[in-house]
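Peer 1: no sequence on this one, just coordinates:
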Ligand SMILES: Cc1cc2nc3c(=O)[nH]c(=O)nc-3n(C[C@H](O)[C@H](O)[C@H](O)COP(=O)(O)OP(=O)(O)OC[C@H]3O[C@@H](n4cnc5c(N)ncnc54)[C@H](O)[C@@H]3O)c2cc1C
Ligand code: SF4
Ligand code: SF4
């Protein structure tokens, strides 16, 4: 017998690896609306199976914990509300005494569950069922449930397959009047739990939308319903305000959008660079919205109590959607030197066609979010000799999407991780000379699980530069609205889930000014919610419908099949111009991708529990 063998995985090990992958996919595809107690029991069973069995708390304790949760689910005679503290004590004992992370983390998971969904445990014990909120979720179609605006994804996917692109756009517009914008830059939360994950990878939902808008031609908007004689003011012409305006106009109300800047679009024009969202593509959606009968007044700043009061008096209802357009200060010495600017200032001047002069300059961008990537890539296109992105945490902790980070690096931006800005050095004339940074170490995790940066106790470093751009977050200029009496919480306008403002009838708010900086589709969804509730407030119940017939679901292709990814222009070529960087699918790719959809509107729980909402 040999003394040492080369390690090779046997058949059983390979099969188990395969099972892990299947399990991963199944977890990713867990649809919203599952019973959290049931999920906890299933996870615990998996954790127990991972136990090496050496320490008693893990080997025996996890089994006991599982029995207790099963009792809650199986309505055992012994179960009572006292079972909950018993579960807690057992989990705490395992957490504090298990030898390794298999036991402690399993116990922690149960403890987190007791905080997060205690009422679900109680409901099972007292009423032998899931809480009403879970019952109400109805196991909907995953992608539709996770698109904040509830766009009918399987419906438009099937229409794309049939080549009915204009119908696909009509169907999307029922819930989202920005099909083109979302086709190009939506962060597609709809894909996160796509059931196709069970087989291989999520359907490229945004890519299919893109194929539809690239091939639909001009698609007329629905006819305006009968005139109601009511009029509504929208303050702010970004995606949220324009979405509310579109639906309210179709419902027959007279709608005017009051916009501070010279052009409509909000951050779609004054934030997102045109290499990701070309102006003419944005204008396509804006023109469609205006064609529904929306009036606009640009260059109209609603900025004091007097003009808010006048506006309210002149209109039957008001929707505030002013977004988040102020910048946050860096809070370091030298930040008022010449050459230091904020991301919002820079993008705003580009939105008004005034390009900053970065030719041959060394630019440093501070921040790790999508906005930081956008300004870095824009600076490169404006001729900067070098662009460095300085971030105080690690690349893995950045909030920017991985594609955006990769895109920035591919275009020649340099990523400097774990560097905390310390001070800005300037010359006698007050011009920026360098950014000084303190090296950091990734330390203990914060409650969200991201390691907090801590001083690495290394020498400060000097990054020579001419321009420093701070992309460290945006705030909301709500001062005049607060003076008018609108509640403001930590700088954000306070509105309830229906977009209404407490104690101020007829005034509604939504989008980034309520949530803080978020995403386009969240802002659109807020505009849709506001439109429905403003309509009800005005005494109506108009139904937004779409008469497009959705193709029947046929036989499914359930064989594993690659996901079609959208391609980019070559980094070397695209990095120096503002032309669009992403390329759409070919017809063949679009058809294959559409076929990958499992039509959860027809098969599985979604079809009979969630179903399709033909009107809203
Ligand atoms: C650089 C950047 C890149 C982004 N990239 C993406 C992306 O790729 N995908 C994504 O989903 N999201 C992205 N976002 C976020 C997205 O753009 C916003 O979440 C969205 O635009 C918010 O919509 P909104 O209508 O609430 O506000 P905004 O779009 O900010 O619109 C508010 C409007 O109100 C106007 N206004 C403000 N004050 C007044 C006043 N007093 N009187 C009259 N009008 C006023 C403003 O001028 C503006 O037009 C990005 C944001 C930025 C800054
Ligand atoms: S709008 Fe965005 S979230 Fe909704 S279906 Fe389209 S890509 Fe998905
Ligand atoms: S398979 Fe189709 S219907 Fe099901 S979640 Fe994915 S995109 Fe939606």
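Peer 2: Sure, I can see it. Since we're looking at a predicted model, the values are computed, not measured. Residues are numbered from 1 along each chain as shown. Ligands and ions are numbered 1, 2, ... in the order given.
Peer 1: Can you give me the neighbour number for the residue in the stretch 401-550 of the chain positioned nearest to ligand 3?
Peer 2: Scanning the stretch 401-550 of the chain for the residue nearest ligand 3 gives residue 550, at 11.8 Å (criterion: C-beta to the nearest ligand atom). Bear in mind the C-beta positions are built from the backbone N, C-alpha and C, glycine included. Close neighbours of residue 550, defined as other C-beta atoms under 10 Å, add up to 22.
Peer 1: List the contacts of it.
Peer 2: Contacts for residue 550 (C-beta atoms under 8 Å, 6 or more residues apart in numbering) come out as 152, 154, 155, 158, 159, 171, 601, 612.
Peer 1: what does residue 469 give?
Peer 2: Going by C-beta under 8 Å, 6+ apart, residue 469 touches 340, 341, 342, 343, 346, 363, 364, 365, 366, 375, 376, 379.
Peer 1: in what helix or strand does residue 444 lie?
Peer 2: Residue 444 belongs to strand 432-445 when assigned by DSSP states H and E.
Peer 1: Any buried residues in that strand, and which?
Peer 2: Of all the residues in strand 432-445, those buried under the rule 16 or more other C-beta atoms under 10 Å are 432, 434, 435, 436, 437, 438, 439, 440, 442.
Peer 1: if we can go back for a sec, adding secondary structure and distance to residue 85 as columns, could you present the contacts of residue 469 in TSV?
Peer 2: Converted to TSV, the contacts of residue 469 look like this (DSSP: H, G, I helix; E, B strand; the rest coil; distance: C-beta to C-beta, whole Å):
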residue	secondary structure	distance to residue 85
340	strand	55
341	strand	56
342	strand	51
343	helix	50
346	helix	55
363	strand	58
364	strand	54
365	strand	51
366	strand	48
375	helix	52
376	helix	52
379	helix	57
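Peer 1: near ligand 1, which of these show up?
Peer 2: Among the contacts of residue 469, none lies close to ligand 1 by the criterion of C-beta under 6 Å from any ligand atom.
Peer 1: so residue 309 touches residue 484, yeah?
Peer 2: Yes. In this structure residue 309 lies within contact range of residue 484 using C-beta atoms under 8 Å: 6.9 Å.
Peer 1: Give me the more crowded residue out of the two.
Peer 2: residue 484 (19 against 12).
Peer 1: For the more buried one, grab phi and psi.
Peer 2: Phi and psi for residue 484, reported as degrees, to the nearest 10, are phi -70, psi -20.
Peer 1: Show the residue spans covered by the helices in the stretch 101-250 of the chain.
Peer 2: 101-116, 118-127, 132-137, 142-146, 153-161, 165-173, 179-185, 205-215, 239-250 (DSSP state H, counting those that start in this stretch).
Peer 1: go on, the stretch 451-600 of the chain?
Peer 2: 479-484, 512-515, 520-537, 571-574, 587-595.
Peer 1: what's near enough to touch residue 568?
Peer 2: Residues near residue 568 by C-beta under 8 Å, 6+ apart: 407, 574, 581, 582, 583.
Peer 1: Who wins on neighbours among these?
Peer 2: residue 407 (24 neighbours).
Peer 1: Which member of the contacts of residue 568 is positioned nearest ligand 3?
Peer 2: residue 582 (20.2 Å).
Peer 1: who's that closest one bridged to?
Peer 2: Note on residue 582: beta-bridge partners residue 568, judged by DSSP bridges.
Peer 1: Assign a three-state SS to the residue lying closest to residue 141 once chain neighbours are set aside, would you?
Peer 2: Of all residues not flanking residue 141 in the chain, residue 606 sits nearest, at 3.7 Å (C-beta to C-beta, 6 or more residues apart in numbering). Counting by DSSP: H, G, I helix; E, B strand; the rest coil, the backbone at residue 606 sits in helix.
Peer 1: hang on, isn't residue 606 packed against residue 597?
Peer 2: No. If you go by C-beta under 8 Å, residue 606 and residue 597 don't touch, sitting 11.8 Å apart.
Peer 1: For this structure, which element, helix or strand, carries the lowest mean pLDDT?
Peer 2: helix 132-137 (a mean of 68; mean pLDDT, DSSP states H and E).
Peer 1: which helices and strands does the strand holding residue 444 pack with?
Peer 2: If you count contacts as 3 or more C-beta pairs under 8 Å, 6 or more residues apart in numbering; DSSP states H and E, strand 432-445 packs onto strand 419-426, strand 451-455, strand 461-464, strand 467-470.
Peer 1: Counting neighbours, what do you get for the residue of the stretch 501-616 of the chain found nearest ligand 2?
Peer 2: Using C-beta to the nearest ligand atom, the single residue of the stretch 501-616 of the chain nearest to ligand 2 is residue 521, 4.6 Å away. Close neighbours of residue 521, defined as other C-beta under 10 Å, add up to 23.
Peer 1: Who are the contact partners of it?
Peer 2: With contact taken as C-beta under 8 Å, 6+ apart, residue 521 is in contact with 147, 148, 149, 176, 182, 186, 187, 189.
Peer 1: want to try TSV for those, with pLDDT, distance to residue 84 and neighbour count as columns?
Peer 2: TSV is the format used below for the contacts of residue 521 (pLDDT from 0 to 100; distance: C-beta to C-beta, whole Å; neighbours: other C-beta atoms under 10 Å):
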residue	pLDDT	distance to residue 84	neighbour count
147	95	35	25
148	95	34	22
149	96	38	26
176	98	42	28
182	98	43	28
186	97	41	25
187	96	38	16
189	96	33	15
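Peer 1: between the residues you listed, which is nearest ligand 1?
Peer 2: Nearest to ligand 1 out of the contacts of residue 521 is residue 187 (C-beta to the nearest ligand atom; 4.7 Å).
Peer 1: Please tell me how far the closest residue to the closest one other than its chain neighbours sits from ligand 1.
Peer 2: Nearest residue to residue 187 in three dimensions, chain neighbours excluded: residue 519, at 5.2 Å (C-beta to C-beta, 6+ apart). From residue 519 across to ligand 1, the span is 3 Å (C-beta to the nearest ligand atom, to the nearest Å).
Peer 1: likewise residue 606?
Peer 2: Going from residue 606 to ligand 1 by C-beta to the nearest ligand atom gives 25 Å.
Peer 1: that older thread, if I look at the residue of the stretch 501-616 of the chain closest to ligand 2, how far off is residue 496?
Peer 2: 20 Å (C-beta to C-beta, to the nearest Å).
Peer 1: Let me know how buried residue 538 is, in neighbour terms.
Peer 2: When neighbours are counted by other C-beta under 10 Å, residue 538 registers 20.
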